[in-house]
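sequence first, predicted coordinates after that:
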Amino acid sequence: MSTMTEMSGGPALPQERRVVTSIPGPKSQELMARKQAAVADGIGTVMPVFAKRAGGGVLEDVDGNSFIDFGSGIAVTGVGNSAEAVVRRATAQLADFTHTCVMVTPYEPYVEVCEELARLTPGDYSKKSALFNSGAEAVENAVKIARTYTRRQAIVVFDHGYHGRTNLTMALTSKNMPYKHGFGPFAPEIYRVPVAYPYRWLTGAENCAEEAAAQAIDQISKQVGAENVAAILIEPVLGEGGFIEPAKGFLPRIAQFAKDNGIVFVADEIQSGFCRTGQWFACEDEGIVPDLITTAKGIAGGMPLAAVTGRAEIMDAAHVGGLGGTYGGNPVACAAALGAIETMRELDLASRAKRIEEVMKPRLRKLADQYDVIGDVRGRGAMLAIELVKPGGKEPDPQVTAALAKACHQDGLLVLTTGTYGNVMRFLPPLVIDENLLNEGLDVLEGALAGL
Ligand SMILES: *Cc1c(COP(=O)(O)O)cnc(C)c1O
């Protein structure tokens, strides 16, 4: 669709894959040398090219290569990079004022974003929101709010869960390397219980939801005590843990347990939210109504913004001045969010996510039939993944996953890997991507698999 190029803020960006140098090209290599000298090694690089422009379904590098974007900057630019409404609204806000601090002098865009969040998130109860800069900060604040509301301390999280890189959210996160290793000690009163991971459930996918819920509830009841639990925190589709969709029935059981025991049920929709999975929010697929929901990534078309939204009586539990931060809910980021939400609504990007699944999933399934290294195909909407294993079993194969990603990069397709075992290739295209680019991206993946 040619509209994709018109949607980007800058000069029209050709919606095409174009590899004109070896990857990385000479200019990227030069910049990489400067990065290595000036930037801390802890900041890693997935694909060693430097970005110049991006929009629609492509990312162009400094050497003139154009990559099909199956990453969206980690599920952020669902509306595309520099989406027209994001640029228009953020630019106008930049010219008016850049910052007052909402705690000093409030401004309308902050309130408007909170009003939109009340409309868009699941639940027809009275809602309020608070805005922050990053997903981790939103999760931290959800914990603060749940603790002060319940006057309890324990927080329950799940195997394979990911919630951020700050001290509290590292404690909430499951995976040691690279997120936690060497960075302890971690915050106390965090308890991790099993999640219903169908592909790896030992007694089989059919029993997974029931057994995992029973185990989780038993552990919470016996090891923590339900009456001590402030919040149960879960991603409705687990992101960094490997795009795990908890077996159907698991989430409703856990949500019901929370409700029965006065525990705040928090859905971390930072990666799965804002149309990514084919609904505004992934928990809608099983009719889950969380007490609190954390959002970030897709909310503002690439500008840093995050939110906690939920039941007004819970959100209001924190005393005046107890929540906030200098930059949280920055006016330019809020204006961008309003532009992103406008775009999602006008282009019905939830339906576009479903269409992306319709195009991609059958082709991924066919590849799984053809190539034994693909053990599982899963996800929904435009949050899809393949899990790569040693043929003949389910032993994770992170080496082949890395090799496959590298081959895709060399051939002009930006893909990301993930997963507790480092063996999941995930697909997060911008929701506005052209369908022919989507298919061409899959052709590249197919060629890379053939060349392994
Ligand atoms: C990315 C992510 C976070 C952390 O967000 P940041 O903006 O990187 O701090 C938290 N939870 C989930 C589910 C995420 O995917």
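Arrived safely. Numbers count the residues shown, from 1 in each chain.

which positions in the chain make contact with the ligand?
134-136, 139, 162-164, 235, 239, 268, 270-271, 296-297 (C-beta under 6 Å from any ligand atom). Backbone N, C-alpha and C define where each C-beta goes, glycine included.

got JSON lines for those, with neighbour count too?
Putting those into JSON lines (neighbours: other C-beta atoms under 10 Å) gives the following:
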{"residue": "134", "neighbour count": "19"}
{"residue": "135", "neighbour count": "28"}
{"residue": "136", "neighbour count": "23"}
{"residue": "139", "neighbour count": "29"}
{"residue": "162", "neighbour count": "25"}
{"residue": "163", "neighbour count": "32"}
{"residue": "164", "neighbour count": "25"}
{"residue": "235", "neighbour count": "28"}
{"residue": "239", "neighbour count": "28"}
{"residue": "268", "neighbour count": "30"}
{"residue": "270", "neighbour count": "27"}
{"residue": "271", "neighbour count": "29"}
{"residue": "296", "neighbour count": "27"}
{"residue": "297", "neighbour count": "26"}
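
from these, which land in helices?
135-136, 139 (DSSP state H).

where do the strands sit along the stretch 151-300 of the chain?
154-158, 190-193, 229-234, 264-268, 292-295 (DSSP state E, counting those that start in this stretch).

ok and the residue in the chain nearest the ligand?
Here the chain gets closest to the ligand at one residue, residue 135, 2.1 Å apart by C-beta to the nearest ligand atom.

picking that back up, which of the residues of the chain next to the ligand sit farthest apart?
134 and 235 (15.9 Å; C-beta to C-beta).

wait, residue 53 sits on residue 62?
No - at 9.7 Å, residue 53 and residue 62 do not qualify as touching, with contact defined as C-beta atoms under 8 Å.

what's the burial count for residue 181?
Counted with other C-beta atoms under 10 Å, residues neighbouring residue 181 total 10.

repeat for the one 5 residues further on
Here the number of neighbours of residue 186 (other C-beta under 10 Å) works out to 14.

report pLDDT for it.
pLDDT, residue 186: 98.

same question for residue 12.
Looking at residue 12, its pLDDT is 83.

ok, residue 97 next?
Predicted confidence (pLDDT) for residue 97: 98.

mind listing the helices for the chain?
3-7, 26-38, 72-75, 84-96, 108-120, 135-150, 167-172, 205-219, 250-260, 312-315, 331-346, 349-370, 398-410, 435-450.

the first one - what's its average pLDDT?
What that stands for is helix 3-7. Mean predicted confidence for helix 3-7 is 47.

quick thing: my sequence starts at 7, can you match it?
Sounds good: first residue 7 from here, last item helix 9-13.

residue 347 against residue 125, yeah?
No - with contact taken as C-beta under 8 Å, residue 347 and residue 125 are classed as non-touching, separated by 9.4 Å.

neighbour count for the two, which is higher?
residue 347 (26 against 10).

residues contacting that one?
By C-beta atoms under 8 Å, 6 or more residues apart in numbering, the contact list for residue 347 reads 122, 126, 305.

let's go with 7 Å and repeat that
Counting by C-beta atoms under 7 Å, 6 or more residues apart in numbering, residue 347 touches residue 122.

state the distance from it to residue 147.
21 Å (C-beta to C-beta, to the nearest Å).

what about the nearest residue to residue 198 once chain neighbours are set aside, neighbour count?
Excluding its sequence neighbours, the residue lying closest to residue 198 (C-beta to C-beta, 6 or more residues apart in numbering) is residue 163, at 5.4 Å. Look at residue 163: counted by other C-beta under 10 Å, it has 26 neighbours.

what score does residue 163 have for pLDDT?
Note on residue 163: pLDDT of 99.

what sits against it?
Applying C-beta under 7 Å, 6+ apart, we find residue 163 in contact with 178, 196, 198, 239.

from these, which two are the most distant?
Within the contacts of residue 163, 198 and 239 form the most distant pair, 10.5 Å apart (C-beta to C-beta).

the more surrounded of those two?
Using other C-beta under 10 Å as the criterion, residue 198 and residue 239 rank with residue 239 on top: 26 against 18.

any idea which residue is closest to the centre of this protein?
residue 277 (1.7 Å; C-alpha atoms, centre = their mean).

list the residues that contact that one.
Counted by C-beta under 7 Å, 6+ apart, residue 277 has contacts 81, 241, 245, 303.

nearest to residue 135, of those?
residue 303 (16.0 Å).

and the closest one, how far from residue 82?
Taking C-beta to C-beta, one finds residue 303 at 5 Å from residue 82.

quickly list what's touching both of those two.
Common neighbours of residue 303 and residue 82 (C-beta under 7 Å, 6+ apart) do not exist.

tally of neighbours for residue 39?
10.

so for it, what's the pLDDT?
The pLDDT attached to residue 39 in the predicted structure is 98.

likewise residue 393?
pLDDT, residue 393: 98.

list the contacts for it?
By C-beta under 7 Å, 6+ apart, residue 393 lies in contact with 205, 248, 381-382, 429-430.

next one: the closest residue to it other than its chain neighbours from residue 326, what distance?
Once flanking residues are discounted, residue 393 sits nearest to residue 382: 4.1 Å by C-beta to C-beta, 6+ apart. Per C-beta to C-beta, residue 382 is found 49 Å from residue 326.

quick one, which of these two is more surrounded?
The neighbour count for residue 382 versus residue 326, taken as other C-beta under 10 Å, is higher for residue 382 (21 against 8).

ok, that one - contacts?
Contacts of residue 382 (C-beta under 7 Å, 6+ apart): 205, 392-393.

give me the number of residues near the spatially closest residue to residue 330 that is not a sequence neighbour?
Using C-beta to C-beta, 6+ apart and skipping residues adjacent in sequence, the residue nearest residue 330 is residue 109, 4.9 Å away. Using other C-beta under 10 Å, residue 109 has 14 neighbouring residues.
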